[in-house]
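A.B. asks: sequence-free structure coming up:
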Ligand SMILES: *Cc1c(COP(=O)(O)O)cnc(C)c1O
């Protein structure tokens, strides 16, 4: 993109860090062997994979055998939900999730309903948080799994993960977490948080596309079972067959290493930029913040500009990339299911814009974005008055 382009859509994907690209390059050229080959060239590649696995494990306080490489967040969520449900059916057929989860979770749950599972979709209160008492009351005999995301991709709202895992475990169920918007941005310690199964994705924190992780607590000890979705050569302890994406995994390992070292500095700097952007935009008439202001990640601001059509406004922001509170499903623009679950009207959901910042954003970009949006909104209000 040209250098005047202001990218504020980092929750959709992030620019791959140059150091990550550099770490990956040799695996497209001279380091091309298959990690499963038993010759010395294959063993060298396997060793590099295990190094990457260690870096991934270190970032989330897991052990390397607990890390399963996949193609991304969506695949990890599918293996976890489908594979867990089918393998643990003898213990019950009830699963609890939340209305504001990512579509990867919601659509997989819908599929599970179609094959006989019972799914409870917990509502959220207006700030996007779930009601823990309602979770307690929804857990019952036959509840095998509770699946709650860490950071919401649209609003940045952070659910109380440790409390949720405690409540889940007290009821004898397993806790799964979609941490795709959390890992690499905030500290995620699977042991301290009591997470049994966790999904995340490399391209959301400056790693490459096409690689993700499924974390399974004590995988080797078989505390619970997960049935594979893909069969074949038995890679990744039989859970995800197929030749490993070597460059992708090496890149993900590098992204994890960088995140561990630089996360705190980025948190502080990006947080200041987000707060500045948010403060200025909330001064505009009829604007308000969507989601809990306190329990929230530092890089996202989801703002409703009541009375506007966010998609028209975005069409006018030629050199700013943001996301709207609508999603394109079957060519129709539909209001975001997340904002609707939080009680927004369809109009207010369609008037909402998600700004998601990343480590490559500069102060000049934020200043410039504020100016551009101010001017556009004034024009918009005048022309629609
Ligand atoms: C992006 C995202 C996913 C899907 O990850 P992919 O790697 O793109 O498949 C799942 N959950 C959340 C919260 C996300 O933000």
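C.D. replies: Cool, the structure landed. Keep in mind that what you see is a predicted model, and the values were worked out from it rather than measured.

A.B. asks: contact partners for whatever residue of the stretch 51-200 of the chain ends up closest to the ligand?
C.D. replies: Closest to the ligand within the stretch 51-200 of the chain is residue 73: 2.4 Å, counting by Cβ to the nearest ligand atom. Every residue, glycine included, has its C-beta placed from N, CA and C. By Cβ atoms under 8 Å, 6 or more residues apart in numbering, the contact list for residue 73 reads 102, 104, 178, 180, 199, 200, 201, 204, 212.

A.B. asks: select from the residues you listed the one having the most neighbours.
C.D. replies: residue 199 (32 neighbours; other Cβ atoms under 10 Å).

A.B. asks: overlap between the contacts of residue 73 and the residues near the ligand?
C.D. replies: Among the contacts of residue 73, proximity to the ligand is found for 102, 104, 178, 180, 201, 204, 212 (Cβ under 6 Å from any ligand atom).

A.B. asks: tell me what the third one is bridged to.
C.D. replies: It stands for residue 178. Note on residue 178: beta-bridge partners by DSSP bridges are residue 199.

A.B. asks: isn't it up against residue 150?
C.D. replies: Yes - look at residue 178 against residue 150 with Cβ atoms under 8 Å: they come within range, at 6.8 Å.

A.B. asks: confidence-wise, which helix or strand of the chain is lowest on average?
C.D. replies: Here the helix or strand of the chain ranked lowest by mean pLDDT, DSSP states H and E is strand 326-329, holding a mean of 60.

A.B. asks: against residue 73, how distant is whatever residue of the stretch 201-350 of the chain ends up closest to the ligand?
C.D. replies: Closest contact between the stretch 201-350 of the chain and the ligand, by Cβ to the nearest ligand atom, is at residue 201 (3.3 Å). Using Cβ to Cβ, to the nearest Å, one gets 4 Å for the distance from residue 201 to residue 73.

A.B. asks: over to residue 353?
C.D. replies: On the measure of Cβ to Cβ, residue 353 and residue 73 end up 23 Å apart.

A.B. asks: returning to what we had before: just the ones next to the ligand among the contacts of residue 73: which are in helices?
C.D. replies: residue 104 (DSSP state H).

A.B. asks: what comes up buried for stretch 50-61?
C.D. replies: 52, 53, 54, 55, 56, 57, 59, 60 (16 or more other Cβ atoms under 10 Å).

A.B. asks: which stretches in the stretch 201-350 of the chain count as helices?
C.D. replies: Ranges of helices within the stretch 201-350 of the chain are 246-281, 310-316, 337-341, 346-350, based on DSSP state H, counting those that start in this stretch.

A.B. asks: any idea which helix or strand carries residue 86?
C.D. replies: Under the criterion of DSSP states H and E, residue 86 resides in helix 84-87.

A.B. asks: just the buried residues of that helix, please?
C.D. replies: 84, 85.

A.B. asks: hang on, residue 68 in a helix?
C.D. replies: No - judged by DSSP: H, G, I helix; E, B strand; the rest coil, residue 68 forms no part of a helix; its state is strand.

A.B. asks: next, count neighbours for the residue nearest to residue 325 when sequence neighbours are not counted.
C.D. replies: Spatial nearest neighbour of residue 325, excluding adjacent residues (Cβ to Cβ, 6 or more residues apart in numbering): residue 352 at 3.3 Å. Residue 352 has 29 neighbours, counted by other Cβ under 10 Å.

A.B. asks: one more: residue 5?
C.D. replies: Neighbours around residue 5, by other Cβ under 10 Å: 11.

A.B. asks: and if you look at residue 41?
C.D. replies: 13.

A.B. asks: need the per-residue pLDDT for it.
C.D. replies: Residue 41 carries a pLDDT score of 98 in this model.

A.B. asks: what's the host helix or strand of it packed up against?
C.D. replies: For residue 41, the host element (DSSP H and E) is helix 40-60. Applying 3 or more Cβ pairs under 8 Å, 6 or more residues apart in numbering; DSSP states H and E, one finds that helix 40-60 contacts strand 67-70, helix 246-281.

A.B. asks: mind checking how far it is from the chain centre?
C.D. replies: 24 Å (Cα atoms, centre = their mean, to the nearest Å).

A.B. asks: same check on stretch 301-314?
C.D. replies: 23 Å.

A.B. asks: return the residues in contact with residue 84.
C.D. replies: By Cβ under 8 Å, 6+ apart, the residues touching residue 84 are 144, 145, 174, 176, 197, 224, 225, 226.
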